[in-house]
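Peer 1: Provided below are the primary sequence and the corresponding predicted coordinates.
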Amino acid sequence: MNNNKYQWFSPFVAVTAVGFLLSGCGRSNGPSGAAPMGPPEVGVVTVQAERVVLTTELPGRTAAYRVAQIRPQVNGLILKRAFTEGSDVKAGDLLYQIDPAQYQAAYDQAKAAVAMAEAMLPAVRGREERFKKLVESHAVGQQDYDDALAALHQLEGQLRVSKAAMESTKINLSYTPIKAPISGRIGRSSVTEGALVMAYQPVPLATVQQLDPIYVDVPQSTAEMLRLKHRMADGRLAQNGEDQNTVVIMRQDGTPYSEKGTLAFRDITVDPTTGSVILRIVVPNPEGTLLPGMFVRAVLNEGVNEQALLIPQQAVNRTQKGDPFVWGVKDGKAAIQMLTLDRAIGNKWLISSGLTVGDVVIVEGVQRLRPDVPVKIGQPSGEPDSGKTAPQTEKTN
């Protein structure tokens with residue numbers, strides 16, 4: 001990507017040739033020395049606006065899409081483990097079996113209590129109905145009817161209690177087979193057969209993690225976030241269409257990951273210790289190549305700068321204080337132009353301020369330059385490459 005028009009010369013050949021000429025002239029001119037040298041010849045570049053897709057490379061770590069820590073919900077003895085550590089499991093697969101004997105007995109007892117109450121209910125209900133008719137004809141006293149009605153209500157309540165107890169024991173019994181709540185890859189087991197486990201114990205028996213897709217969590221400084229918002233607001237950056245939320249993942253060895261991620265959201269809470277927010281990226285991981293906790297780098301799209309000004313890095317000099325500047329050509333003379341640099345892009349600098357389209361910048365032959373010294377511009381070496389654009393990345397450690 002190079003839309004700048006370069007004008008080049010060979011400084012070594014030119015300086016050498018001039019040196020030979022001057023040395024020859026010096027011998028013919030006697031003790032007065034060499035003849036005066038002409039204006040220095042320089043190589044220049046004309047600043048032009050380019051379309052540049054800007055990206056930022058940020059460090060991050062992978063995290064499982066979903067995590068389920070397997071804990072028992074009832075006390076008991078582990079009879080068997082039904083999975084292989086490190087294997088993939090599906091939701092509903094049996095992982096552990098707790099001894100169900102005591103829970104089966106409790107359920108059978110509760111079920112029998114329900115059956116007893118249901119067996120007694122017709123007789124008590126019939127007695128209440130008969131007493132209701134008899135009390136209307138004054139064949140029995142009101143107290144006898146009230147006793148029959150109370151007995152009916154008591155038995156109905158007892159039946160409801162028995163049914164609730166039966167349901168509770170049934171639930172406890174259903175907890176004895178411990179099943180996978182999600183699909184994913186299961187890690188190592190913390191217990192073996194014969195281990196006594198407790199309900200809701202703090203140490204999980206195992207952990208199941210869904211790895212496809214997988215998250216990449218990337219911290220971004222709030223200063224950088226505000227800088228991007230300002231650039232969008234003042235028009236220096238434009239949205240990059242459908243690719244704006246597309247993220248390229250670079251693995252720890254520097255190679256790009258085959259699948260591209262999607263920026264899901266920015267966290268709304270700033271970490272007070274680092275002054276950053278977390279960007280969460282969703283990345284397809286069908287082969288399980290990315291594992292939770294891996295270090296990666298995420299290349300995020302900032303946007304498109306339609307009027308980017310780029311100059312070769314060798315054209316930029318520094319003052320004693322470290323401030324950047326370039327030698328420019330104004331009316332045929334050398335002139336110093338102070339710069340504000342944005343970032344390095346390949347072998348070029350992206351310029352924030354200090355240059356405009358059409359400025360002529362000296363890239364070679366600055367050794368003899370002084371302000372307002374006339375210069376000679378070398379001949380152009382050819383046409384630059386035509387408008388190629390590629391993502392340009394700023395790395396952040």
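Peer 2: That came through fine.
Peer 1: If you average the pLDDT over the helix ranked longest in the chain, what comes out?
Peer 2: The longest helix of the chain (DSSP state H) is helix 101-136. Mean pLDDT, helix 101-136: 92.
Peer 1: what's it packed up against?
Peer 2: Judged by 3 or more Cβ pairs under 8 Å, 6 or more residues apart in numbering; DSSP states H and E, helix 101-136 is in contact with helix 142-174. For glycine as for every other residue, the C-beta is placed from the backbone atoms N, C-alpha and C.
Peer 1: got the buried residues for the helix it packs on?
Peer 2: If you call a residue buried by 16 or more other Cβ atoms under 10 Å, then helix 142-174 has these buried ones: 145, 148, 151-152, 155, 158-159, 162-163, 165-166, 169, 172-173.
Peer 1: Going toward the C-terminus from it, what's the next helix or strand?
Peer 2: Downstream of helix 142-174, the first helix or strand assigned by DSSP states H and E is strand 177-179.
Peer 1: Return the distance of that following strand from the chain's centre.
Peer 2: The chain centroid and the centroid of strand 177-179 are separated by 34 Å, computed with Cα atoms, centre = their mean, to the nearest Å.
Peer 1: swap in stretch 269-286?
Peer 2: Between the centre of stretch 269-286 and the centre of its chain there are 5 Å (Cα atoms, centre = their mean).
Peer 1: cool, stretch 82-94 as well?
Peer 2: 28 Å.
Peer 1: Just the buried residues of that stretch, please?
Peer 2: Buried, per 16+ other Cβ under 10 Å, within stretch 82-94: 83, 89.
Peer 1: where are the low-confidence patches of the stretch 101-250 of the chain?
Peer 2: Within the stretch 101-250 of the chain, the ranges that satisfy pLDDT under 70 run 231-232, 234-243.
Peer 1: The stretch 251-397 of the chain too?
Peer 2: For the stretch 251-397 of the chain, the stretches with pLDDT under 70 are 379-397.
Peer 1: circling back to that earlier point, a markdown table for the buried residues of helix 142-174, including distance to residue 251?
Peer 2: Output for those, formatted as a markdown table (distance: Cβ to Cβ, whole Å):
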| residue | distance to residue 251 |
| --- | --- |
| 145 | 84 |
| 148 | 81 |
| 151 | 76 |
| 152 | 74 |
| 155 | 70 |
| 158 | 66 |
| 159 | 64 |
| 162 | 61 |
| 163 | 58 |
| 165 | 57 |
| 166 | 56 |
| 169 | 52 |
| 172 | 47 |
| 173 | 48 |
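Peer 1: Do me a favour and get the end-to-end distance for stretch 174-193?
Peer 2: By Cα to Cα, to the nearest Å, the extent of stretch 174-193 from end to end equals 19 Å.
Peer 1: Residue 169: what's it in contact with?
Peer 2: 103, 106, 107, 109, 110 (Cβ atoms under 8 Å, 6 or more residues apart in numbering).
Peer 1: List only buried entries from the residues you listed.
Peer 2: If you count burial by 16+ other Cβ under 10 Å, the buried members of the contacts of residue 169 come out as 103, 106, 107, 110.
Peer 1: Which element is encountered next along the chain beyond the top strand by length along the chain?
Peer 2: When the chain is parsed with DSSP state E, its longest strand is strand 49-70. Per DSSP H and E, strand 49-70 leads on to strand 76-81 as the next helix or strand towards the C-terminus.
Peer 1: What strands line up against the helix or strand following that next one, and which way round?
Peer 2: Sequence order places strand 88-89 as the next helix or strand after strand 76-81, per DSSP H and E. Strand pairing for strand 88-89, using DSSP bridges, gives strand 184-186 (antiparallel).
Peer 1: Next SSE downstream of the strand it pairs with?
Peer 2: Downstream of strand 184-186, the next assigned helix or strand under DSSP H and E is strand 196-197.
Peer 1: ok, that next one: who's next to it in the sheet?
Peer 2: Counting by DSSP bridges, strand 196-197 is paired with strand 76-81 (antiparallel).
Peer 1: what comes into contact with the strand it pairs with?
Peer 2: Applying Cβ under 8 Å, 6+ apart, the contact partners of strand 76-81 are 95-100, 102-103, 176, 189, 191-197.
Peer 1: Let's see that with 10 Å instead.
Peer 2: With contact meaning Cβ atoms under 10 Å, 6 or more residues apart in numbering, strand 76-81 is reached by 72, 94-103, 172, 175-178, 189, 191-199, 205-206.
Peer 1: could you say what helices and strands the helix or strand containing residue 42 packs with?
Peer 2: Per DSSP H and E, residue 42 falls inside strand 41-46. Packing partners of strand 41-46 (3 or more Cβ pairs under 10 Å, 6 or more residues apart in numbering; DSSP states H and E): strand 5-7, helix 11-28, strand 295-312, strand 324-330, strand 360-364, strand 376-377.
Peer 1: what comes up buried for the fourth one?
Peer 2: So that's strand 324-330. Quick answer for strand 324-330 (16+ other Cβ under 10 Å): 324, 326, 327, 328, 329.
Peer 1: Summarise which helices and strands the helix or strand just after it is packed against.
Peer 2: Heading C-terminal from strand 324-330, the first helix or strand you meet, by DSSP H and E, is strand 333-338. Contacts defined by 3+ Cβ pairs under 10 Å, 6+ apart place strand 333-338 against strand 324-330, strand 360-364.
Peer 1: Return the distance of strand 333-338 from the chain's centre.
Peer 2: Its chain's C-alpha centre and that of strand 333-338 lie 44 Å apart, by Cα atoms, centre = their mean.
Peer 1: immediately after it, which helix or strand?
Peer 2: strand 340-345.
Peer 1: If anything else comes up later, I'll come back, but that's it for now.
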